[in-house]
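**Student:** next comes the sequence, and after it the predicted model I'd like to discuss.
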Amino acid sequence: MADVKKSLIDHDGQRLGGAGRFAYTAAGCALLLFAVIAASVSIGSVSIGLSKVWSMLGKGLSLFVRSVFSKAASEELSALISSSGESSILFRIRLPRTLLAAILGGSLSVSGYLLQVFFRNPIAGPFVLGISSGAKMVVGLVLIFFAGRIGLISSLTLVAAAFGGSLLITLLVLLFSQRVRNMSMLLVVGIMVGYICSAVTEFCITFAADHDVVNLTSWSMGSFSGADWADIRIALLVCIPGLIAAFLMIKPIGAYALGEGYARSMGVRVKTVRVLLILISSLLSACVTALAGPVSFVGIAVPHIARTLLRSSRPSYVISTSFLFGAFFCTACDLIARTVFAPTELAIGTVTSVFGAPVVIYMMISSRRNREV
Amino acid sequence: MELLRAEGLAIGYGSRIITEGIELSLERGKIMTLVGPNGAGKSTLLKSVTGQIPLIRGKVLLEGKDLRTLSPKETARKIAMVLTDRVRPELTSCRELVAMGRYPYTGLMGRLEKEDLEKIDEALAQVRVTDLSDRDFSTLSDGQRQRVLLARALCQEPSLLVLDEPTAYLDIRYKIELLEILRRMAKEKNMAILMSLHEIDLAMKVSDLMLPVKEGRIPRPVTPEEFISQNTTEDLFDIDSASLRRWYHEL
């Protein structure tokens, strides 16, 4: 009994540990994100000084807030936006693009994390499992077959199409995953499914009329270029509820990590949790695919980096750090994609692959070493 | 006081019945151990009694209430389990893992209150792993892991603790240590323990009741004394007593 008392005193008030490290990591990621956003809005074919960016942003933000209540402010805001070439570039092109990259990058990382929880497999992610390609396929089909008929297709329709495609492929991969328990096999299956989807997409593109394909080719490369405020609105509309839902799942996610048997024995409704994980993850990655096209490796690499930085896998920590770091990562990759070979722009997937794929290779190697195969 | 009662259970997967006609009764503070050959349905029985897999027929009563009428959360506050599932959470400290045991008690976001933290430390101390609290679970030995998993189950404050082959992979020292902890917990916490064991000798030492499980036979609980006097081991594992005696003699 004595040792019971002693340990109670020793640890009284002490939480589970790791909170300090989380605070540093999250603050660091937030700082990186802020820095890269600042860099991204100021660097480009026309470079805008940081102090100028700062003052314009301050003015724009206050006018935007006031424009909700007064019409005069909203007129002033549009005057500010078109007041000079620089402000027009800042508000019409760079700011929406940068913010979209940040929001979608964060969401994609959380989506990948949820898939990893679902499959209890750190190598799972929307891209490697073919889910992004599935979303791309359905979006492609919708663009090719319906664009001509109903004219302009709204971004929300694209999100819905991508969501349908994501779910379709996720269910397919799920079906296979019941037969293969091995993590490398699951990966191979995912990549193959991804190739099949890409093949279908390519096939349709080849035989589609030119004017139907115009939209598709630039989009299917994957890029944040051409992002506008309408995209941001849709991204926020879809991603914020998705992220909140993901955050509300932290408790069952933690229990689920111990395996289904243990989770059930602790009172987790396992089936419900599984369905929710898939739905939220698909919704988030579908939004990304619909608005920016397929973006590779962010979904796997970022949660892994987050866990490594945190040295913890507590869901609340990993979700928030993944979002922040993913936002930073995608914004940085987008900055690289549009500046390094300017005026030629790289596809965003090209850049994220260069940085993300080595992380995945490293994970595969180290997991071979640490776990029995 | 009777805690657990099973009436006319038929258990199995889907519609395939493994065993039927099971009647059980277990009191608080008592240990009942399932013994029998591999594949006889020990795990299935444990999972059925705890509501992890649906019963084909019959019912399980916990403190007089039908288990099926309880919500998952209510059940989890009464029954905790140590399973054979391989648990390998990454980057999770033992304290965090034990803290999962508070799951049925915490709110939507799983925030731990002061009382929960005390319960966690108490559970760690009870299985003597306080010094491992901050270690990463995946770096522990099998014996240490099993004790931490037991602490997690204790932290759930169950009135019925269910363990599926808790001594598998452990060397003899850890086996005895673990069973001693279980004996102590049954007494101190007035908790009923239902488990399966491979080692019949250990089962006889630790149990108040033994439940021989064999396919195609209706299991009936017996005391360890009855178990030995009825030559149940030979019967359970289909070995004739002469060869068993010869084997023990030669040793």
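**Tutor:** Looks like it arrived, so ask away.
**Student:** how about the helices in chain B?
**Tutor:** B:42-49, B:72-78, B:94-99, B:114-126, B:142-155, B:172-188, B:200-206, B:224-229, B:232-237, B:241-250 (DSSP state H).
**Student:** I'd like those as a markdown table, with mean pLDDT, distance to chain A and mean neighbour count appended.
**Tutor:** Using the backbone N, CA and C atoms, a C-beta is placed for each residue, glycine as well. Output for the helices of chain B, formatted as a markdown table (pLDDT from 0 to 100; distance: least, Cβ to the nearest Cβ, whole Å; neighbours: other Cβ atoms under 10 Å in any protein chain shown):
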| stretch | mean pLDDT | distance to chain A | mean neighbour count |
| --- | --- | --- | --- |
| helix B:42-49 | 92 | 8 | 23 |
| helix B:72-78 | 93 | 3 | 19 |
| helix B:94-99 | 92 | 5 | 26 |
| helix B:114-126 | 92 | 5 | 20 |
| helix B:142-155 | 92 | 8 | 23 |
| helix B:172-188 | 92 | 10 | 16 |
| helix B:200-206 | 91 | 22 | 18 |
| helix B:224-229 | 86 | 28 | 15 |
| helix B:232-237 | 77 | 26 | 16 |
| helix B:241-250 | 72 | 34 | 10 |
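**Student:** make JSON lines from those and add distance to B:Ile31 to it.
**Tutor:** Compiled in JSON lines, the helices of chain B are given as follows (distance: least, Cβ to Cβ, whole Å):
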{"stretch": "helix B:42-49", "distance to B:Ile31": "14"}
{"stretch": "helix B:72-78", "distance to B:Ile31": "17"}
{"stretch": "helix B:94-99", "distance to B:Ile31": "22"}
{"stretch": "helix B:114-126", "distance to B:Ile31": "16"}
{"stretch": "helix B:142-155", "distance to B:Ile31": "14"}
{"stretch": "helix B:172-188", "distance to B:Ile31": "5"}
{"stretch": "helix B:200-206", "distance to B:Ile31": "6"}
{"stretch": "helix B:224-229", "distance to B:Ile31": "10"}
{"stretch": "helix B:232-237", "distance to B:Ile31": "17"}
{"stretch": "helix B:241-250", "distance to B:Ile31": "25"}
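**Student:** how about the residues of the stretch 251-373 of chain A that lie near chain B?
**Tutor:** Applying Cβ under 8 Å from any Cβ of the partner chain, we find that the stretch 251-373 of chain A lies next to chain B at A:251, A:254-255, A:257-262, A:264-269, A:307, A:310-314, A:316, A:371.
**Student:** got any ranges where chain A has weak pLDDT?
**Tutor:** A:1-17, A:147-153, A:180-184, A:211-215, A:217-218, A:367-373 (pLDDT under 70).
**Student:** for B:Leu4, which non-adjacent residue is spatially closest?
**Tutor:** Nearest non-adjacent residue to B:Leu4, counting by Cβ to Cβ, 6 or more residues apart in numbering or on different chains: B:Leu26, 4.3 Å away.
**Student:** neighbours around the nearest residue to A:Pro122 once chain neighbours are set aside, how many?
**Tutor:** Using Cβ to Cβ, 6+ apart and skipping residues adjacent in sequence, the residue nearest A:Pro122 is A:Gln116, 5.5 Å away. A:Gln116: 24 surrounding residues under other Cβ atoms under 10 Å in any protein chain shown.
**Student:** do the same with A:Gly85
**Tutor:** Count around A:Gly85 with other Cβ under 10 Å applied: 10.
**Student:** likewise for A:Lys271?
**Tutor:** So A:Lys271, with other Cβ under 10 Å, has 10 neighbours.
**Student:** am I right that it sits in a helix?
**Tutor:** Yes: under DSSP: H, G, I helix; E, B strand; the rest coil, A:Lys271 falls within a helix.
**Student:** measure it to A:Leu277 for me?
**Tutor:** 11 Å (Cβ to Cβ, to the nearest Å).
**Student:** pLDDT weak spots in the stretch 1-150 of chain B?
**Tutor:** For the stretch 1-150 of chain B, no range has pLDDT under 70.
**Student:** skip the chain neighbours and tell me the closest residue to B:Tyr103.
**Tutor:** A:Met266 (4.1 Å).
**Student:** quick one: contacts for that neighbour?
**Tutor:** A:255, B:76, B:100-101, B:103-104, B:156 (Cβ atoms under 8 Å, 6 or more residues apart in numbering or on different chains).
**Student:** where does the most centrally placed residue in chain B land on pLDDT?
**Tutor:** Closest to where the C-alpha atoms of chain B average out (Cα atoms, centre = their mean) is B:Leu163, at 1.8 Å. Per-residue pLDDT puts B:Leu163 at 95.
**Student:** surely it and B:Ile79 touch.
**Tutor:** No: counting by Cβ atoms under 8 Å, B:Leu163 sits too far from B:Ile79 to count as a contact (11.4 Å).
**Student:** first-to-last residue distance for stretch B:217-224?
**Tutor:** 19 Å (Cα to Cα, to the nearest Å).
**Student:** list the buried ones in it?
**Tutor:** B:219, B:221-222, B:224 (16 or more other Cβ atoms under 10 Å in any protein chain shown).
**Student:** next one: stretch A:297-312
**Tutor:** A:297-307, A:309-310, A:312.
**Student:** pull the CA atoms of that stretch into PDB?
**Tutor:** What follows is stretch A:297-312, C-alpha atoms only, in PDB (Å, rounded to 0.1, in the frame of the first residue of the first chain):
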ATOM      1  CA  PHE A 297       2.500  12.000 -50.800                       C
ATOM      2  CA  VAL A 298       1.400  14.800 -48.500                       C
ATOM      3  CA  GLY A 299      -1.100  12.500 -46.800                       C
ATOM      4  CA  ILE A 300       1.500  10.000 -45.800                       C
ATOM      5  CA  ALA A 301       4.600  12.000 -45.300                       C
ATOM      6  CA  VAL A 302       3.100  14.800 -43.100                       C
ATOM      7  CA  PRO A 303       1.500  12.800 -40.300                       C
ATOM      8  CA  HIS A 304       4.700  10.800 -40.100                       C
ATOM      9  CA  ILE A 305       6.800  13.900 -39.800                       C
ATOM     10  CA  ALA A 306       4.300  15.200 -37.200                       C
ATOM     11  CA  ARG A 307       4.600  12.100 -35.100                       C
ATOM     12  CA  THR A 308       8.400  12.100 -35.400                       C
ATOM     13  CA  LEU A 309       8.500  15.800 -34.300                       C
ATOM     14  CA  LEU A 310       6.100  15.200 -31.400                       C
ATOM     15  CA  ARG A 311       7.500  11.800 -30.400                       C
ATOM     16  CA  SER A 312       3.900  11.000 -29.600                       C
END
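**Student:** how far is it from where the chain is centred?
**Tutor:** Here stretch A:297-312 is found 13 Å from its chain centre; the criterion is Cα atoms, centre = their mean, to the nearest Å.
**Student:** so where do the helices sit in the stretch 251-373 of chain A?
**Tutor:** A:260-265, A:270-292, A:298-310, A:315-339, A:348-370 (DSSP state H, counting those that start in this stretch).
**Student:** make a markdown table from those and add distance to A:Ile234 to it.
**Tutor:** Converted to a markdown table, these look like this (distance: least, Cβ to Cβ, whole Å):
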| stretch | distance to A:Ile234 |
| --- | --- |
| helix A:260-265 | 34 |
| helix A:270-292 | 7 |
| helix A:298-310 | 19 |
| helix A:315-339 | 17 |
| helix A:348-370 | 18 |
